[in-house]
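Q: sequence unavailable; structure follows:
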């Protein structure tokens, strides 16, 4: 039986952020979608996911979901057969980044969630082209469905997250590090550094994508994920 895949969406996203991947990979793999919407720390998010995940699984995390995925590697490395980290970072939040989030939190609490989201996820973080506006509308819809309370909890969790570079250094499974060339939020150099930390890793940079390669270039993302899933398991 093929490995189960656990997908972890990013900040203010749900399963729709992985829609193209679920549609493609569910033909051949058991799929699980994790929710990180009711917790106030990355540690709690990871712990909750592990309580409901299969005994062993392949793990895919996008953006904040990648940060949660790295915390899962910290808590239960032997349960993760392989990991794919998309448009994310292993670094803890800097004081400047934490301060940048505060006006967004204020706006969300005051009922201006869309404005907070547009600051947190600027259009310039996506590749130019016809898909940009469609993806931004989907992000707006997902965030509106989740609501301001979830935004505040997730922003606080990001502010308090731990550095995960040592976690990546210790991981011995097969890893895919995937990002888009136009992503300014988590730039290519961040992913190059991540790939350098993991022994059995492959870096894939998509030329016509930004922070949402899973939606901006789903065909190439699916191809990269399938190649990663078909690589042999590494002995621990």
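A: All right, it came through fine. If you're wondering where the values come from, they're calculated on a predicted model, not measured in any experiment.
Q: helices of this protein, start to end?
A: Applying DSSP state H to the chain gives helices spanning 19-25, 42-52, 64-75, 95-109, 113-120, 131-146, 148-159, 165-170, 188-197, 213-216, 218-230.
Q: can you redo those helices as a markdown table with mean neighbour count and mean pLDDT?
A: For every residue, glycine as well, the C-beta is placed using N, CA and C. Supplementary listing: the helices of the chain in a markdown table, determined by neighbours: other Cβ atoms under 10 Å; pLDDT from 0 to 100:
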| stretch | mean neighbour count | mean pLDDT |
| --- | --- | --- |
| helix 19-25 | 17 | 98 |
| helix 42-52 | 18 | 96 |
| helix 64-75 | 25 | 98 |
| helix 95-109 | 14 | 97 |
| helix 113-120 | 19 | 96 |
| helix 131-146 | 16 | 96 |
| helix 148-159 | 19 | 97 |
| helix 165-170 | 16 | 98 |
| helix 188-197 | 17 | 97 |
| helix 213-216 | 26 | 98 |
| helix 218-230 | 17 | 98 |
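Q: so for residue 88, which of those sits nearest?
A: Each of these was scored for nearness to residue 88 using Cβ to Cβ, and the closest is helix 64-75 (2.7 Å).
Q: just give me how far the closest one sits from the chain centre.
A: 9 Å (Cα atoms, centre = their mean, to the nearest Å).
Q: got the angle for that helix vs helix 148-159?
A: Orientation note: helix 64-75 sits at an angle of 50 degrees relative to helix 148-159 (axes from the mean of the first three to the mean of the last three Cα atoms, to 10 degrees).
Q: quick one: residue 125 from residue 29, how far?
A: 29 Å (Cβ to Cβ, to the nearest Å).
Q: can you pull the pLDDT of the most centrally placed residue in the chain?
A: Centroid-nearest residue in the chain, with Cα atoms, centre = their mean: residue 62, separated by 1.6 Å. As summarised for this prediction, residue 62 has a pLDDT of 98.
Q: could you dump the helices of the chain into JSON lines and include distance to residue 88?
A: As requested, the helices of the chain are arranged in JSON lines below (distance: least, Cβ to Cβ, whole Å):
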{"stretch": "helix 19-25", "distance to residue 88": "15"}
{"stretch": "helix 42-52", "distance to residue 88": "12"}
{"stretch": "helix 64-75", "distance to residue 88": "3"}
{"stretch": "helix 95-109", "distance to residue 88": "14"}
{"stretch": "helix 113-120", "distance to residue 88": "15"}
{"stretch": "helix 131-146", "distance to residue 88": "16"}
{"stretch": "helix 148-159", "distance to residue 88": "11"}
{"stretch": "helix 165-170", "distance to residue 88": "11"}
{"stretch": "helix 188-197", "distance to residue 88": "8"}
{"stretch": "helix 213-216", "distance to residue 88": "11"}
{"stretch": "helix 218-230", "distance to residue 88": "14"}
